[in-house]
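>>> Predicted model and sequence below, questions to follow.
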Amino acid sequence: MYNITLIPGDGIGPEVISSAKKIIEATGLKVNWDIVNAGINVYKKKGVLIPNKVFESIEKNKIALKGPITTPIGSGFRSINVMLRKKYDLFSNVRIVKTIPGVNSPFKNVNLIIFRENTEGLYSGIEKKISDNSAEAIKIITKNASLKIAKTAFNYAKKNNKNKITVVHKANIMKLTDGLFLDCVRKISKEYPDIKLQEIIVDNMCMQLVMNPSQFEIIVTTNLYGDILSDLCAGLVGGLGLVPGANIGNNMAIFEAVHGSAPDIAGKNIANPTAIILSGAMMLNYIGETKKSNLILDGVSKTISEGKYITRDLGGSSSTTEMTEAIIENMLTIK
Ligand code: NAD
């Protein structure tokens, strides 16, 4: 029996989290879900964005599946997501971007994984208003965090027999901050002589990705570039509804989709549940339940390639619930 924290979140969060929960249960995994919530809805009811029991649950279980949380733009509270990643030193943000056959996209062979530094960079939240006409943000890059994300990416490459890693930076302009990040990645790369390190400046990387994404397999980068590049990459494989992610530290992990709370489609039962379902599959892999994780991947692939029960972002007309049920049906036949 696994104890897992489940955070529904805001917007489409509760709808897609409910799908992921059903799918994980359909694998036969025995889970004691500790359902706690955070975000704007909680704030409206209780006057607090993250109740203490959310922290307590994550600290006790060390593993969570989380829906997206709305963050106000321009003013208001700071991102809860950024806060959780920092508080628990979940230093690697891992996002898997893979073509799923049947999805209408100009690219057919995308298979890449992004390792984004998750605790610092321009997301450190240190901003200051200088005057009515100017403001500044401080970008923090440390050797410690840069070495850790580099090591994670290289370890992954070695374990999975990959022979190339691409580091994305802007060290030509940000010589001290991105320069330090790049130096750290170069330093770690020396410990892995069989893995080639390719260095690309972030603007060129955007162009390369939309011209020929299959040339890349593993990307390691800083916080902001990683955030932007992963949405870009989601677009290459059919959209945000398909890309899963994980925030991983030394002994704790929070799994969540790359997408946000999608207020434009919330409450309509039309969100694509795939991204959070695949985040659940990543979570099962993380706890060593590889077979059950693969069962989810197969169920999702089969459902999407059949194209009968898919949500409208994929060109179908099924609801979130119908797509979820179809995935479960397919999992049961594969099983
Ligand atoms: P978003 O990812 O919520 O939505 C962008 C577009 O993609 C929208 O058109 C939306 O309808 C579509 N989309 C997203 N997920 C989808 C899905 N599963 N199925 C179908 N379509 C989907 O990004 P946004 O609109 O920039 O952000 C909305 C809110 O979410 C903001 O408050 C933002 O701060 C927050 N956010 C949270 C997280 C997180 O909790 N990890 C991540 C990103 C954004």
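Sure thing, it's come through. Numbers count the residues shown, from 1 in each chain.

>>> Next, name the residue at the spatial heart of this structure.
Gly245 (2.3 Å; CA atoms, centre = their mean).

>>> contacts for the helix or strand hosting it?
Here Gly245, judged by DSSP states H and E, is contained in strand 244-248. If you take CB atoms under 8 Å, 6 or more residues apart in numbering as the criterion, strand 244-248 is touched by 84-85, 90-96, 118, 152, 230, 253-258, 275-283, 286. In short, each C-beta sits where N, CA and C put it, glycine included.

>>> On the C-terminal side of that strand, identify the next helix or strand.
Counting by DSSP H and E, what follows strand 244-248 is strand 253-257.

>>> Residues contacting that next one, please?
Identification of contacts with strand 253-257 by CB under 8 Å, 6+ apart yields 16, 58, 62-68, 81, 84-85, 88, 90, 240, 243-247, 275-276, 278-280, 282-283, 286.

>>> so how far is Gly67 from the one residue in the chain that gets nearest to the ligand?
Among the residues of the chain, Gly260 lies nearest to the ligand; the distance is 2.3 Å by CB to the nearest ligand atom. Noted for Gly260: a distance of 10 Å to Gly67, by CB to CB, to the nearest Å.

>>> Looking at those two, which has the bigger crowd around it?
Neighbour tally, Gly260 and Gly67, criterion other CB atoms under 10 Å: the higher count belongs to Gly67, 28 against 19.

>>> Quickly note the distance from that one to Thr311.
For Gly67, the distance to Thr311 - CB to CB - is 16 Å.

>>> ok, back up a step: of the contacts of strand 253-257, keep whichever come out buried.
Neighbour-count burial (16 or more other CB atoms under 10 Å) is assigned, among those, to 16, 58, 63-68, 81, 84-85, 88, 90, 240, 243-247, 275-276, 278-280, 282-283, 286.

>>> Of the residues you listed, which ones also sit close to the ligand?
16, 68, 81, 240, 275 (CB under 6 Å from any ligand atom).

>>> buried ones in stretch 244-264?
Counting neighbours by 16+ other CB under 10 Å, stretch 244-264 gives 244-249, 252-262 as buried.

>>> and whatever helix or strand Asn330 lives in, how far from the chain's centre?
Using DSSP H and E, Asn330 sits in helix 320-334. With CA atoms, centre = their mean, to the nearest Å as the basis, helix 320-334 stands 23 Å off its chain's centre.

>>> Mind listing what's buried along that helix?
320, 322-328, 330-331.

>>> can you map out the strands along the stretch 151-300 of the chain?
164-169, 196-201, 218-221, 244-248, 253-257 (DSSP state E, counting those that start in this stretch).

>>> Export these as TSV, with columns for mean pLDDT.
As requested, the strands of the stretch 151-300 of the chain are exported to TSV (pLDDT from 0 to 100):
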stretch	mean pLDDT
strand 164-169	98
strand 196-201	98
strand 218-221	98
strand 244-248	97
strand 253-257	98
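
>>> Can you lay out these as TSV showing distance to Ser146?
As requested, those are exported to TSV (distance: least, CB to CB, whole Å):
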stretch	distance to Ser146
strand 164-169	10
strand 196-201	14
strand 218-221	9
strand 244-248	16
strand 253-257	20
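
>>> Lovely, talk soon.
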